[in-house]
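Student: Provided below for reference: sequence and predicted model.
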Amino acid sequence: EDQVTQSPEALRLQEGESSSLNCSYTVSGLRGLFWYRQDPGKGPEFLFTLYSAGEEKEKERLKATLTKKESFLHITAPKPEDSATYLCAVQATGGTSYGKLTFGQGTILTVHP
Amino acid sequence: GAVVSQHPSRVICKSGTSVKIECRSLDFQATTMFWYRQFPKKSLMLMATSNEGSKATYEQGVEKDKFLINHASLTLSTLTVTSAHPEDSSFYICSAIPTFLSSGNTIYFGEGSWLTVV
């Protein structure tokens, strides 16, 4: 069974204080690892898809990295508007699994001015 | 970018009635859509896979007679909660994969629909 565990559950940062969110996963075969941002009462907003160990992707203050067992979402010099819940999800290989995502419980990020 | 729209965004219904939630892909065709459920401060749990022109595939523990899914076109999937009860109150979210992306992997989510059963 595919499993995704995110840590920490909640993270409070001061504006400008860089940090990382962790996503550990176990999956029979990885088709892709996804990072989403979710604001309260909204659907997840797509950030990144990573496919293989060693891959990195960046978008503004966010950088996602992937190893064979975990992914990190690095936040550099965060701003209050980066406050949100960040979700990690895996998509397994296999015909019946295409498009199905297994989500972690999320990390609630709060950035104080 | 690709957009997935859900309607209604919020709905309140009486216990015992049925309510329909629509999920539309606005600028792409989606052979496959997915329905998730999210409880407050919890993560998304997959309920079912909706396939255009065929029956939906439900995850273990999800009552297919209670959560009716119809995917009548390449841009529309509907979730009908039948005989709703207060425990069905939740945030329902759909996702869609663009058909034209054979190996690409950007999965888009709708804005979600809040269902409150009173």
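Tutor: Yes, it's here.

Student: where does chain B dip in pLDDT?
Tutor: Applying pLDDT under 70 to chain B flags the ranges B:1-2, B:100-105.

Student: how about a cut-off of 90?
Tutor: B:1-3, B:27-32, B:39-43, B:51-55, B:72, B:97-108 (pLDDT under 90).

Student: What strands line up against the one helix or strand residue B:33 maps to, and which way round?
Tutor: Taking DSSP states H and E as the criterion, residue B:33 maps to strand B:32-38. According to DSSP bridges, strand B:32-38 forms sheet pairs with strand B:44-51 (antiparallel), strand B:90-97 (antiparallel).

Student: Deepest-packed of these, please.
Tutor: The highest average neighbour count among the strands paired with strand B:32-38, using mean count of other Cβ atoms under 10 Å in any protein chain shown, belongs to strand B:90-97 at a mean of 24. C-beta coordinates here come from the backbone N, C-alpha and C atoms, glycine included.

Student: partners of the helix or strand just after that strand in the sheet?
Tutor: As assigned by DSSP H and E, the chain's next helix or strand after strand B:90-97 is strand B:108-109. Under the criterion DSSP bridges, strand B:108-109 sits next to strand B:90-97 (antiparallel) in its sheet.

Student: Around the residue nearest to residue B:96 when sequence neighbours are not counted, count how many other residues there are.
Tutor: Closest residue to residue B:96 apart from its sequence neighbours, by Cβ to Cβ, 6 or more residues apart in numbering or on different chains: residue B:30 at 3.8 Å. Neighbours of residue B:30 under the rule other Cβ atoms under 10 Å in any protein chain shown: 28.

Student: What helix or strand is residue B:30 located in?
Tutor: Judged by DSSP H and E, residue B:30 forms part of no helix or strand.

Student: how close does residue B:33 sit to residue B:8?
Tutor: Here residue B:33 is placed at a distance of 17 Å from residue B:8 (Cβ to Cβ, to the nearest Å).

Student: likewise residue B:40?
Tutor: Taking Cβ to Cβ, one finds residue B:40 at 19 Å from residue B:8.

Student: Which one of the two is surrounded by more residues?
Tutor: The residue with more neighbours, out of residue B:40 and residue B:8, is residue B:8; 13 against 8, by other Cβ under 10 Å.

Student: List the contacts of the nearest residue to the more buried one once chain neighbours are set aside.
Tutor: Spatial nearest neighbour of residue B:8, chain neighbours left out: residue B:113 (6.1 Å); criterion: Cβ to Cβ, 6+ apart. Neighbouring residues of residue B:113 by Cβ atoms under 8 Å, 6 or more residues apart in numbering or on different chains: B:6, B:7, B:8, B:9, B:10, B:11, B:21, B:91, B:92, B:93.
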